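K.L.:
Have a look at this prediction, sequence included:
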Amino acid sequence: MTTTTHHASQPLELPEAIWARKSLNNIREAFREPHPFERKSAIYKPHSVPWTVYGRRNLRTAVLFFPAMALFFGWPFAVEALSDYRNGVYVKSEVARLPAGADIKSQKPKQLVSLRQKLHVQQQAIPLQLLAAGPV
């Protein structure tokens, strides 16, 4: 049983059946067809849609929305790249690609690129040599 208060501030006991009937009435009212006086007649034309107003409003929103979403979703990637750059992760990856005994300070950026290209060519050549050797 549910306890409610009426205007005299005395508790009033309502059986659950009343609450169930009220909820069923609400469901029935949701599916009921409107009264004929509330329906729009077929002779009335719908109002014209102001597409230019909606278009301008959407463009103004898009100008702010898309850069804001790029910042919202892109800041972790920017922070990762900045922290990697400041911590020397990219330099460490270049050092790992250098041949044994090479010094990173003695290498110029063009030499690093050429070393990377040489390593890439060597990595491609290894499988061809293995294929040329035949089955083991």
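P.N.:
Cool, the structure landed.

K.L.:
Give me the distance between residue 86 and residue 80.
P.N.:
Distance of residue 86 to residue 80, computed by Cβ to Cβ, to the nearest Å: 11 Å. (C-beta placed from N, C-alpha, C; glycine too.)

K.L.:
neighbour count winner among the two?
P.N.:
Neighbour count, other Cβ atoms under 10 Å: between residue 86 and residue 80, residue 80 has more, with 11 against 8.

K.L.:
mean confidence score for the strand or helix carrying residue 66?
P.N.:
Applying DSSP states H and E as the criterion places residue 66 in helix 51-87. Across helix 51-87, pLDDT averages out at 92.

K.L.:
Buried residues, that helix. List them.
P.N.:
Within helix 51-87, no residue counts as buried by 16 or more other Cβ atoms under 10 Å.

K.L.:
who does it touch, helix- and strand-wise?
P.N.:
Judged by 3 or more Cβ pairs under 8 Å, 6 or more residues apart in numbering; DSSP states H and E, helix 51-87 is in contact with no other helix or strand.

K.L.:
repeat that for 10 Å
P.N.:
helix 89-97 (3 or more Cβ pairs under 10 Å, 6 or more residues apart in numbering; DSSP states H and E).

K.L.:
Output whatever helix or strand residue 18 lives in as PDB, nothing but the C-alphas.
P.N.:
Taking DSSP H and E as the criterion, residue 18 maps to helix 16-31. Only the C-alpha atoms of helix 16-31 are listed here, as PDB (Å, rounded to 0.1, in the frame of the first residue of the first chain):
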ATOM      1  CA  GLU A  16      -2.300  -0.600  -5.300                       C
ATOM      2  CA  ALA A  17      -5.200  -1.400  -7.700                       C
ATOM      3  CA  ILE A  18      -6.000   2.300  -7.900                       C
ATOM      4  CA  TRP A  19      -2.400   3.100  -8.900                       C
ATOM      5  CA  ALA A  20      -2.400   0.300 -11.500                       C
ATOM      6  CA  ARG A  21      -5.700   1.600 -13.000                       C
ATOM      7  CA  LYS A  22      -4.300   5.200 -13.100                       C
ATOM      8  CA  SER A  23      -1.200   4.000 -15.000                       C
ATOM      9  CA  LEU A  24      -3.300   2.000 -17.400                       C
ATOM     10  CA  ASN A  25      -5.400   5.000 -18.000                       C
ATOM     11  CA  ASN A  26      -2.300   7.000 -18.800                       C
ATOM     12  CA  ILE A  27      -1.100   4.400 -21.300                       C
ATOM     13  CA  ARG A  28      -4.600   4.300 -22.900                       C
ATOM     14  CA  GLU A  29      -4.600   8.100 -23.200                       C
ATOM     15  CA  ALA A  30      -1.200   8.000 -25.000                       C
ATOM     16  CA  PHE A  31      -2.700   5.900 -27.800                       C
END
